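1. Model the following, please.
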Amino acid sequence: MKSDFKALYTSAWAFMLACPLLFLIPVLVEFAQHVVEMQTGMYTGEEGAAAAADHPLRMQFGFAKTLALLLPGYWFVRFVMFGNDAVEARRLAWPAIGLWLVLAAISAAQLYWQMFGGSLPQMVGLDGNAAGLASGGLSLFATILGIYFTCWMIAWPLGNARIGPIRSFRIMTGSFWYAVALLLAGVLPLMALHYGLGYAAILWTPHWLDWIIMAFDSVVTGFLALTMTGSMIFAARHAADRKGASLLPDESEPVIISTPSEEAG
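-> Below is the predicted model of the structure:
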């Protein structure tokens, strides 16, 4: 497990150096949201933060950011699983890109509902504490289910359609807590830093320093996108190795739709 914890961060660093333009896409989208937050007065203090939190433009850029955070689910998965190969990371290989787009569409729909949809418990008539408990229960169930679907979410960007949700569930059985530990290792340190920078900009730092903090925070978010995906990669690989399964497709050579040049990354 220790080696996988270390690989979460060393792989993210290696990807940033090998594919800097791909790494910068979520970073730039995050920074664009920060620009909107600056313009709406979010970092002028607690009152400004409360007033800007639900600003429509901020919410729209927030959704764009969540979509950008899905992108490493294709290129970073391929980078790690093909031995830190930058060329494989940038390739649009069939059927891998088609399979990943299905997963991305499902995730995007879920994210949109979470951000802009109504509360499902309230829609069925629950309110107050009952609605809160139901929402918490649904979130917990979705999180647990997502962990068991980890192999599915890693195999499809590799072009392996043989592993779907049911087979993923079977492979991940027995590796649940290992996956949870990796997820916490990949998310908590950078998430804590991300929120800490935000609170610092709102409560303590002068306005001129906020721009520097937000630029740094955007880079932190870019790494967080990779370590979140990385936790899934190494959890899936661990579970597959335990069960003697392969996450890679049978075909040794994928069909290439587009092969960007070495300098494009």
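2. quick one: contacts of stretch 156-172?
-> Under the criterion Cβ atoms under 8 Å, 6 or more residues apart in numbering, residues 73-74, 77-78, 81, 93-96, 99-100, 102-103, 147-153, 155, 179, 235-236, 239-240, 243, 245-251, 254 lie in contact with stretch 156-172. Glycine gets a C-beta too; all of them are placed from N, C-alpha and C.
3. So residue 14 sits against residue 84, correct?
-> Yes - Residue 14 is in contact with residue 84 according to Cβ atoms under 8 Å; the separation is 5.4 Å.
4. what packs against the helix or strand where residue 179 lies?
-> With elements taken from DSSP states H and E, the one containing residue 179 is helix 176-203. For helix 176-203, the elements it packs on are helix 2-18, helix 46-52, helix 128-148, helix 207-243, judged by 3 or more Cβ pairs under 8 Å, 6 or more residues apart in numbering; DSSP states H and E.
5. any chance of those helices in a markdown table, with distance to residue 26, mean neighbour count and mean pLDDT too?
-> Written out in a markdown table, the entries for those read as follows (distance: least, Cβ to Cβ, whole Å; neighbours: other Cβ atoms under 10 Å; pLDDT from 0 to 100):
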| stretch | distance to residue 26 | mean neighbour count | mean pLDDT |
| --- | --- | --- | --- |
| helix 2-18 | 11 | 16 | 91 |
| helix 46-52 | 22 | 14 | 79 |
| helix 128-148 | 20 | 13 | 78 |
| helix 207-243 | 5 | 20 | 93 |
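6. could you dump the ones you listed to a markdown table with distance to residue 169?
-> Rendered in a markdown table, the data for these read as follows (distance: least, Cβ to Cβ, whole Å):
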| stretch | distance to residue 169 |
| --- | --- |
| helix 2-18 | 21 |
| helix 46-52 | 41 |
| helix 128-148 | 5 |
| helix 207-243 | 11 |
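7. Would you mind telling me which of those helices is nearest residue 185?
-> Evaluated over those, closeness to residue 185 peaks at helix 2-18, with 5.0 Å, by Cβ to Cβ.
8. relative orientation of that closest one and helix 176-203 in degrees?
-> Taking axes from the mean of the first three to the mean of the last three Cα atoms, to 10 degrees, one finds that helix 2-18 is oriented at 50 degrees with respect to helix 176-203.
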